[in-house]
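**Q** how would this look folded up:
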Amino acid sequence: MSPTYTTRRPFTSVVDGHVLPKVIQVGPNLYGAAFHLMKLLPAQFILGSALETGELTTDTTVVETTSGTFGLGLAMVCRLKGIPLVLVGDPAIEPSLRRRLEALGARVSIVSGPELRTRGVQQARLDRVARIQARLGSYFTPGQYDNPLNPVSYGAVAELLLESMGTFDALVCPVGSGGSSSGIGSFLRALNPRLRLIGVDTPGSVLFGSPAGPRQLRGLGNGLIPPVLDHTLFDEVHWLDAATAFHATRRLHSEHCLYMGPTSGAAHHVAQWYAARHPDLRVVALFPDEGHRYTTTVHNGTWMRRHGFHPPAMPEAPRTLDHPVQAAGPWSRFAWNRRTREDVVALLEGVTA
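**A** Residues are numbered from 1 along each chain as shown. Next up, the predicted model:
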């Protein structure tokens, strides 16, 4: 039987104490589910399930590909349970995060050079994982992109939101692996078919049919289509570029005292607009992680200026697209209308990019 979470059981570790978000009000009809580290929830759930079934033991090495936060969640759980961990990442993992992962006992393998250029970031990391697995006698791979326990783990968040707020009308989720948006969205939609699910992506991500390209906004979007992402849940999708998300993150701190990461800033920017546009609706946004990882980058004015992220004229509203292939610029949106990705991509005929 898989482990479950409630808001009432006594905490037994730092992981238990940080696994669920705090629900706070950030506007007249806008609320945020603010996590310490959102990916800690699926990390604990997946590893706990594997320990209970015997698929994972303390003699088994956990091997996973990660861009950061899921790896940090795995490192925390593995450290407390005494399980060896190998994480495969790319140069986007900043030195401070790598030091923290290694301090928690993880071995970090960075893919770089020709592998990235010929295979792409995500595929190159998966190839490295396969080679490491082949060398190990016993391993367990959580597989956040295709493990159905990833979205299932977020049932605890759906339960918390319902306990805290009762029913509400719209949920705004940044989308990376698709686990949180698909998991929370599916649980809530089963109880309230009218709930609107709004995804937040970034240009260069292929998740919702926009062209592949470089992404400066890490933690948002993807270069592959994760099997756990259920496109048919989404009512609309927004794309924010890095400059807009970074400055929205700094504004979230300066105006609401919420020191969060850029995926949280992106979600708040979209949710704030949506809530103002629909004052009769109650809107909830997911804020996936705190901002301490970004103290020397997004939350540092000198770094922002040095990298060309000067304060933009923040767009007051998104540009509405005819098709996701047009996603570009500071902020755009598309009416997804609960369709499959294949159905939406097929609409491209006759649309000018």
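**Q** For stretch 133-147, give the mean pLDDT please.
**A** For stretch 133-147, the mean per-residue pLDDT is 92.
**Q** in it, what's buried?
**A** For stretch 133-147, burial by neighbour count (16 or more other CB atoms under 10 Å) applies to 139, 140, 141, 142, 143, 144, 145, 147. Where you see a C-beta, it was placed from the backbone N, CA and C, and this is true even at glycine.
**Q** any low-confidence regions in this structure?
**A** Within the chain, the ranges that satisfy pLDDT under 70 run 1-11, 115-119, 312, 350-353.
**Q** could you pull out the strands for it?
**A** Assigned by DSSP state E, the strands in the chain fall at 22-27, 30-34, 61-65, 85-89, 107-110, 139-140, 170-174, 196-201, 236-240, 283-287, 319-320, 331-335.
**Q** ok, which stretches of the stretch 51-200 of the chain are helices?
**A** Taking DSSP state H, counting those that start in this stretch as the test, the helices found in the stretch 51-200 of the chain are 69-81, 95-103, 114-119, 121-135, 149-153, 155-165, 179-191.
**Q** name the helices or strands packed onto the fifth one?
**A** Going back to what we said before, that points to helix 149-153. helix 40-53, helix 179-191 (3 or more CB pairs under 8 Å, 6 or more residues apart in numbering; DSSP states H and E).
**Q** So which bits of the last one are buried?
**A** Using 16+ other CB under 10 Å as the test for burial, helix 179-191 gives 179, 180, 181, 182, 183, 184, 185, 186, 187, 188, 189.
**Q** I'd like the strands of the chain written out as a markdown table, with distance to residue 344 added.
**A** Shown next, in a markdown table, are those (distance: least, CB to CB, whole Å):
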| stretch | distance to residue 344 |
| --- | --- |
| strand 22-27 | 30 |
| strand 30-34 | 27 |
| strand 61-65 | 27 |
| strand 85-89 | 31 |
| strand 107-110 | 35 |
| strand 139-140 | 35 |
| strand 170-174 | 18 |
| strand 196-201 | 12 |
| strand 236-240 | 9 |
| strand 283-287 | 23 |
| strand 319-320 | 15 |
| strand 331-335 | 8 |
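**Q** Select, out of these, the one closest to residue 263.
**A** strand 170-174 (4.1 Å; CB to CB).
**Q** Residues contacting the closest one from elsewhere in the structure, which ones?
**A** Applying CB atoms under 8 Å, 6 or more residues apart in numbering, the contact partners of strand 170-174 are 180-181, 184-185, 188, 195-200, 219-220, 263-264, 266-267, 270-271, 274-275, 278, 281-286, 288.
**Q** Can you turn the buried part of those residues into a PyMOL selection?
**A** The PyMOL selection below is limited to those of the contacts of strand 170-174 classed as buried (16+ other CB under 10 Å):
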select buried, resi 180+181+184+185+188+195+196+197+198+199+200+219+220+263+264+266+267+270+271+274+275+282+283+284+285+286+288
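**Q** Pull the contacting residues for residue 199.
**A** Here residue 199 is in contact with 173, 174, 175, 181, 207, 208, 234, 236, 237, 238, 336 (CB under 8 Å, 6+ apart).
**Q** Could you rerun that using 6 Å?
**A** If you count contacts by CB atoms under 6 Å, 6 or more residues apart in numbering, residue 199 has them with 173, 175, 181, 234, 237.
**Q** Look up how far residue 23 lies from the fourth one.
**A** For residue 234, the distance to residue 23 equals 22 Å [CB to CB, to the nearest Å].
**Q** The two: who's more crowded?
**A** residue 234 (26 against 16; other CB atoms under 10 Å).
**Q** Now the spatially closest residue to the more buried one that is not a sequence neighbour. Its backbone dihedrals?
**A** Spatially, and ignoring its direct neighbours in sequence, residue 234 is nearest to residue 336 (4.5 Å; CB to CB, 6 or more residues apart in numbering). Main-chain dihedrals, residue 336, degrees, to the nearest 10: phi -80, psi -40.
**Q** now what about stretch 57-64, what contacts it?
**A** By CB under 6 Å, 6+ apart, stretch 57-64 touches 74, 78, 82-87, 129, 132-133, 136, 138-142.
**Q** go with 8 Å
**A** 47, 51, 56, 70-71, 74, 78, 81-88, 129, 132-133, 136, 138-144.
**Q** Next: stretch 81-94.
**A** Residues contacting stretch 81-94 (CB under 8 Å, 6+ apart): 47, 51, 56, 58, 60-68, 71, 74-75, 77-78, 98, 101, 105-112, 116, 121, 124-125, 128-129, 132, 218, 293, 297.
**Q** buried stuff in that stretch?
**A** 81, 83, 84, 85, 86, 87, 88, 89, 90, 93.
**Q** What separates the first and last residues of that stretch, distance-wise?
**A** Length of stretch 81-94, first residue to last, CA to CA, to the nearest Å: 26 Å.
**Q** and if you look at stretch 198-208?
**A** Taking CA to CA as the criterion, the two ends of stretch 198-208 lie 12 Å apart.
**Q** So which bits of stretch 31-45 are buried?
**A** 31-45.
**Q** Of the buried residues of helix 179-191, which is the nearest to residue 257?
**A** Nearest member of the buried residues of helix 179-191 to residue 257, counting by CB to CB, is residue 180, at 23.5 Å.
**Q** Tally up the residues packed near the residue found closest to that closest one once you drop the neighbours it is linked to in the chain, please.
**A** Distance criterion CB to CB, 6+ apart; nearest residue to residue 180, sequence neighbours excluded, is residue 154 at 5.3 Å. The tally of other residues near residue 154 (other CB under 10 Å) stands at 24.
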